[in-house]
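Asker: Structure for this input, please:
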Amino acid sequence: MSVEDIAQKSCTPCRGGEPPMTREEATEHLERTPEWSLGAEGGTISRTFRFKNFKSAFDFVAKVADIAEAEGHHPDITFGWGYATIALQTHKIKGLHENDFIMAAKIDRLEA
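Answerer: Residues are numbered from 1 along each chain as shown. Coordinates of the predicted model:
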């Protein structure tokens, strides 16, 4: 599945009770979102985006929020002058799910 293919998918509601991805599964999924990094424990992915000023970072965060609301999958976001860091994890399973990579691909499309 290509980057564009995963970006076309929609997040599915996660009801919990299923195991999070293993580090190996997450590493395979990262091939579709190569700018993202796997967290030290293997339960999150994150990426820092750079901008020319605070307003550009804020506008980007607002667009990410719109996608998050539409998908029902909400990242942790930190931003300030010239940057926005997005971290994704499926909280119900305390780890990574395909939804996290779908969101990452959709967010990547904003930057393009």
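Asker: C-alpha only now, for contacts and for neighbours.
Answerer: OK.
Asker: Which helix runs longest in this protein?
Answerer: When the chain is parsed with DSSP state H, its longest helix is helix 54-71.
Asker: Now do it: distance to the chain's middle.
Answerer: 12 Å (Cα atoms, centre = their mean, to the nearest Å).
Asker: buried sites along it?
Answerer: The neighbour-count check on helix 54-71 (16 or more other Cα atoms under 10 Å) flags 56-58, 60-61, 64-65, 67-68, 71 as buried.
Asker: again, but for stretch 77-95
Answerer: 79, 83-91, 93, 95.
Asker: and if you look at stretch 40-55?
Answerer: 42-51.
Asker: Just the ones of the buried residues of stretch 77-95 in strands?
Answerer: 79, 83-88 (DSSP state E).
Asker: Export the residues you listed as JSON lines, with columns for distance to residue 102.
Answerer: As requested, those are exported to JSON lines (distance: Cα to Cα, whole Å):
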{"residue": "79", "distance to residue 102": "21"}
{"residue": "83", "distance to residue 102": "22"}
{"residue": "84", "distance to residue 102": "19"}
{"residue": "85", "distance to residue 102": "17"}
{"residue": "86", "distance to residue 102": "13"}
{"residue": "87", "distance to residue 102": "13"}
{"residue": "88", "distance to residue 102": "10"}
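Asker: Pull the most distant pair out of the residues you listed.
Answerer: 83 and 88 (16.6 Å; Cα to Cα).
Asker: Low-confidence bits of the protein, can you list those?
Answerer: For the chain, the stretches with pLDDT under 70 are 1-4, 13, 16, 112.
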